[in-house]
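> What follows is a predicted protein model with its sequence.
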Amino acid sequence: MIDYAHFTPLSALLGGSLIGLASLLLLLVNGRISGISGITGQLMNKPSPSNYWSWVFIAGMLVGAVVGVSANNLTAPEIDSSWLAVIVSGLLVGAGTKIGSGCTSGHGVCGIGRLSVRSIVATLTFLVSGIISLYLTK
Amino acid sequence: MTFTPRNLFFYITVFFSGTLFAIGLQISSMVEPSKVKGFLDISGAWDPSLALVLFSALSVFSIGFALLIKPRIAQNKPPIASDKFHLPAAKEIDKPLILGAVMFGAGWGIAGLCPGPTIVNLVHMDAKILIFFITMLLGMKIAQTLKT
């Protein structure tokens, strides 16, 4: 059954378009894939001319986040998971995206958008895994 | 590194792309774990919003890719402000791809957070988000160490 009380189609379409546009820009102008797990992973490597762009991208994200928070009076989202659940899921998300070479942005948007079979398989896999995991832990 | 107009343009675009990405995540409410969980919860009251976020992001990106980027690659032309397109070379559906996706999905379903929203939410200085971010980095580090 669709939860019409929480369904926000217009903001979903607008926000999603901006994400797609950002990814398109980064690849067309800079030749880089906006896979946030990969970009975040670069922060643990020694800064070098080949990964400066990752730092700049994250800085841009943080500035965008601050602008958005103050423009729309956003408050911190409710994290209803226990501390143990937060730690376990953080470890799984970190290790999983490293081993599987990507997350929702890299595989889900850029990979599928390039019709990469690997990314289509990865996205379907983490969607199913996410549905099962939520069902078992909710 | 010397600053030329070209690499200044490069970094300004990278920065702007990050900004746009973060604002897109906020506008679509994908920064809220309850929204993500509402989508993954197909047995309860289902919130399809995430599907529309993915659909619109994919529409913009894939049309742009087909019209603007693919022809450049076919003609061996570089990106507008860089030397080459850094695209993943791997083609094979291998064990790490599946194992990693299963692990990532499992973590995603537990807390409703993935890397993009986590970075955006850092600005709230919330303790649970900070711990999630740190353990996520730790998970990446552990996976990298085990690989090599």
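Thanks, I have it.
> For chain B, give me the ranges with low pLDDT.
B:1-3 (pLDDT under 70).
> Where does the residue nearest the centre of chain B fall, secondary structure wise?
The structure's chain B has its C-alpha centroid closest to B:Gly116; by CA atoms, centre = their mean the separation is 5.5 Å. Using DSSP states H and E, B:Gly116 sits within helix B:115-121.
> wait, the residue nearest to the centre of chain B sits on B:Gly18?
No - counting by CB atoms under 8 Å, B:Gly116 sits too far from B:Gly18 to count as a contact (10.2 Å). The C-beta positions use only the backbone N, C-alpha and C, and glycine is treated the same way.
> Between these two, which contacts overlap?
By CB atoms under 8 Å, 6 or more residues apart in numbering or on different chains, B:Gly116 and B:Gly18 have these common neighbours: A:Met61.
> distance of the closest residue to A:Pro77 other than its chain neighbours from A:His107?
Closest residue to A:Pro77 apart from its sequence neighbours, by CB to CB, 6 or more residues apart in numbering or on different chains: B:Glu32 at 4.4 Å. Going from B:Glu32 to A:His107 by CB to CB, to the nearest Å gives 22 Å.
> Between the two, point out the one with more neighbours.
A:His107 (31 against 22; other CB atoms under 10 Å in any protein chain shown).
> Looks like that one contacts A:Leu127 (just checking).
No - the criterion here is CB under 8 Å, and A:His107 misses it with A:Leu127 at 10.4 Å.
> For B:Ala90, which non-adjacent residue is closest in space?
A:Arg118 (6.2 Å).
> List the contacts of that neighbour.
Here A:Arg118 is in contact with A:101, A:107, A:111, B:88, B:90-93, B:97 (criterion: CB under 8 Å, 6+ apart).
> doesn't it fall inside a helix?
Yes - under DSSP: H, G, I helix; E, B strand; the rest coil, A:Arg118 falls within a helix.
> For it, give me the pLDDT.
For A:Arg118, the pLDDT comes out at 98.
> Same question for A:Gly35.
For A:Gly35, the predicted pLDDT is 97.
> For it, grab the count of nearby residues.
26.
> Kindly report the same for B:Ser29.
23.
> In contact with the closest residue to it other than its chain neighbours, which residues?
The shortest distance from B:Ser29 to any non-neighbouring residue, by CB to CB, 6+ apart, is to B:Lys35 (4.6 Å). By CB under 8 Å, 6+ apart, the residues touching B:Lys35 are A:6, B:29, B:47, B:49-50, B:112.
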